[in-house]
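Colleague: Fold the stuff below for me.
(chains A and B)
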2 protein chains.
Amino acid sequence: MKNTMLILVLFLLSSCKGNKDKQGTDIPLIPVFTELQNKAKAIFGVLPGWVDSPISPITDEKVQLGKTLYFDPVLSKNGTQSCNTCHNLSTYGVDNKSFSPGDAEGTIGVRNSPSTLNAALHTAQFWDGRAKTLEEQAGKPILNPIEMGIPDEKFAIERLKNSEKYRKMFASAFPEDKDPVNWNNLTIAIGAFERKLITPSRFDKYIAGDDKAITDKEKQGLQDFIDVGCITCHTGPALGGNSFQKFGVYKEYWKETKSAKIDAGKSDISKNDAEKYMFKVPSLRNIAKTAPYFHDGSVKDLKEAIRIMGKIQLDKELTPDQVDNIFAFFGSLTGELNPELAKAPQYP
Amino acid sequence: MKNTMLILVLFLLSSCKGNKDKQGTDIPLIPVFTELQNKAKAIFGVLPGWVDSPISPITDEKVQLGKTLYFDPVLSKNGTQSCNTCHNLSTYGVDNKSFSPGDAEGTIGVRNSPSTLNAALHTAQFWDGRAKTLEEQAGKPILNPIEMGIPDEKFAIERLKNSEKYRKMFASAFPEDKDPVNWNNLTIAIGAFERKLITPSRFDKYIAGDDKAITDKEKQGLQDFIDVGCITCHTGPALGGNSFQKFGVYKEYWKETKSAKIDAGKSDISKNDAEKYMFKVPSLRNIAKTAPYFHDGSVKDLKEAIRIMGKIQLDKELTPDQVDNIFAFFGSLTGELNPELAKAPQYP
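Modeller: So this is what the prediction gives:
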């Protein structure tokens, strides 16, 4: 009798909506994992809720300050743009342009602005990985003459010191610092904010045990994505972002992407020819929303980008069905940002 | 008549032994490239004669000093081992052990000693890439308690300062320094020497135009190596060494390698779970001579290592023929070090 009751209770519980796991993902109370779910979980791992900083512990005050700075055009010389201009949180952390215009008239970037969403999971920042951390990255576009154009660190810090709001916010984020409004703290705060920009999606519900969270076509796409060999590089919870790869293993990339300019990638920095045409493998989180594609935004259509990747990275002519399925699977990676993080700060 | 003469001269020239290109590789005077040669050259690029340092220009004096230091057990606390003990230049830059014993009794390393040959071509040093340059790498085993065990930089520098030979050599390698015997210069000198440790092989003659430099079986192995997908990661002139990859894309590696211990690779340093089980893709130069294989030297047999790589990285059961051919191709990557560099310095 006791056992029957227990089974009944378990049955009733299992048909409830379910609860949330540590990552805030809804999961059924008693998930039964399919082989594909287990495989995907083993390959990609679980998306964390945020990524801790090795430099400075994340606090709410740092995140709030970082968010305020992220949205503030005070960090561009002419006040025309903020971090959010090119990495717009209401459009999945990108501006959907091949190259982004800068603060000064007529300037334009040389590589496609990558999304800040889930960038905390990346091994390094920028397409060529020249910044090791988000904090190191955060300061560079501000000082880049063709981006935000601030002449030097001192210039930016003077501006912020003139603001009572920032003096208070820096002091509260870095209570132990005598002179808290400084460049290092600025990058730490923006980094702290960006470390929270993680976007769980239906795919995460799926690997957490909810077999119904993605469609059969999306499952087939996931299976194709695994079988075709995409996971050699697009691995980890961001499905990429954790390695560098030669773009164009089997064919010179520009012959397929029709890129206007041949960009040598990592070797431009390292001067090491062994790194020619190497770029960071981009994350595929929110990929359906972040066109145009590749380091130079040379391809607008996601299906075309999938086809090209099969051809030049894997030497495979993907069938139209494979392309369709993988395209569908990518839809399951479109995630949601905590709305509190995405919303621009309100000004009085 | 002039044309006939010209053709005759060209014919005679083309049947001569040939001359040397910039890399010192013998090439026929008028090579005719096959499709496979062109493909291989495009994929891997040309092996350079050495790799310049971004920190300090390479001079003969630095190389000589670096070589002397490389072979000198003065750099281990108890004087039992030099760099050359674990990275033995007479055995292709390795000691052919799974893990290397250290200077103090009973200590043993935790990862397989990688070859110093062609390491100058790598993106970063160590299996987890924790040193960006050879210079940064060079100092670390000296100070590692389970390797050469020198307590600190000062200890090593004091020893070297006590030697007239080293005082002279440092002064001559760094003529502009007032106090040339210092840690930074020590690492620069060892780095300068290691930047020269490049081993051209028959494969380089092949892609330089000598179709007869490698056998038909080796060519088939090269073709299989390309077709199977190994080149996704083993690219660049070192056939690897320029990216990090998850070891065990399709299967947990230790289930195939029978590793005694599960090593999480890069994530142990970065604390980023997205880098779990990621290691530097090893170079395949001299791979036939550098057993045992993988970061933990867990597999002794090269054919078995090839089979495992197909299975866990590419989800492919390679046929015995494919394994044999790729194994044969690897033989063409066994190269030669300039004998002047390989020979231990002579002591009076």
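Colleague: okay, CA-based contacts and neighbour counts for the rest of this
Modeller: Fine.
Colleague: Residue A:147 contacts residue A:106, doesn't it?
Modeller: No - counting by CA atoms under 8 Å, residue A:147 sits too far from residue A:106 to count as a contact (10.6 Å).
Colleague: okay, the two: which has more neighbours?
Modeller: A count of neighbours by other CA atoms under 10 Å in any protein chain shown puts residue A:147 above the other of residue A:147 and residue A:106, at 24 against 8.
Colleague: Over to the more buried one. Which of the three states is it?
Modeller: coil (DSSP: H, G, I helix; E, B strand; the rest coil).
Colleague: For it, give its distance to residue A:179.
Modeller: Separation of residue A:147 from residue A:179 (CA to CA, to the nearest Å): 28 Å.
Colleague: do residue A:84 as well
Modeller: Taking CA to CA, one finds residue A:84 at 27 Å from residue A:179.
Colleague: Tell me how many other residues crowd the nearest residue to residue A:280 once chain neighbours are set aside.
Modeller: Closest residue to residue A:280 apart from its sequence neighbours, by CA to CA, 6 or more residues apart in numbering or on different chains: residue A:244 at 4.2 Å. Residues lying near residue A:244 (other CA under 10 Å) number 26.
Colleague: try residue A:96
Modeller: By the measure other CA under 10 Å, the count of residues near residue A:96 is 23.
Colleague: quick one: it from residue B:39, how far?
Modeller: Computed as CA to CA, the residue A:96 to residue B:39 distance reads 35 Å.
Colleague: likewise residue A:56?
Modeller: Applying CA to CA, the value for residue A:56 to residue B:39 is 48 Å.
Colleague: which one of these two has more residues nearby?
Modeller: Taking neighbours as other CA under 10 Å, residue A:56 and residue B:39 compare with residue B:39 leading, 17 against 13.
Colleague: Restricting to C-alpha, output the helix or strand that contains the more buried one in PDB.
Modeller: In this assignment (DSSP states H and E), residue B:39 forms part of helix B:35-44. Below are the C-alpha coordinates for helix B:35-44, written out as PDB (Å, rounded to 0.1, in the frame of the first residue of the first chain):
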ATOM      1  CA  GLU B  35      47.900  17.900 -57.600                       C
ATOM      2  CA  LEU B  36      48.700  16.300 -54.200                       C
ATOM      3  CA  GLN B  37      51.900  18.300 -53.800                       C
ATOM      4  CA  ASN B  38      50.000  21.500 -54.500                       C
ATOM      5  CA  LYS B  39      47.300  20.500 -52.100                       C
ATOM      6  CA  ALA B  40      49.700  19.600 -49.300                       C
ATOM      7  CA  LYS B  41      51.700  22.800 -49.800                       C
ATOM      8  CA  ALA B  42      48.500  24.800 -49.600                       C
ATOM      9  CA  ILE B  43      47.300  23.000 -46.500                       C
ATOM     10  CA  PHE B  44      50.600  22.900 -44.500                       C
END
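Colleague: taking the mean pLDDT, what do you get for that helix?
Modeller: Across helix B:35-44, the average pLDDT comes to 94.
Colleague: try stretch A:157-175
Modeller: Confidence for stretch A:157-175, expressed as mean pLDDT, is 97.
Colleague: what's the answer for stretch A:90-102, then?
Modeller: Computed over stretch A:90-102, the average pLDDT equals 95.
Colleague: before we move on, what about stretch A:193-209?
Modeller: Throughout stretch A:193-209, pLDDT has a mean value of 97.
Colleague: repeat for stretch A:249-266
Modeller: Across stretch A:249-266, pLDDT averages out at 96.
Colleague: which of the residues in it are buried?
Modeller: A:249, A:250, A:251, A:252, A:253, A:256, A:257, A:259, A:263, A:264, A:265, A:266 (16 or more other CA atoms under 10 Å in any protein chain shown).
Colleague: can you check stretch A:271-282 too?
Modeller: Buried positions in stretch A:271-282, judged by neighbour count with 16+ other CA under 10 Å: A:272, A:273, A:274, A:275, A:276, A:277, A:278, A:279, A:280, A:281, A:282.
Colleague: What parts of the stretch 1-150 of chain A come near chain B?
Modeller: Within the stretch 1-150 of chain A, the positions near chain B by CA under 8 Å from any CA of the partner chain are A:43, A:45, A:51, A:121, A:122, A:123.
Colleague: residues touching the fourth one, list them.
Modeller: Contact partners of residue A:121, counting by CA atoms under 8 Å, 6 or more residues apart in numbering or on different chains, are A:51, A:237, A:238, A:241, A:242, B:272, B:274.
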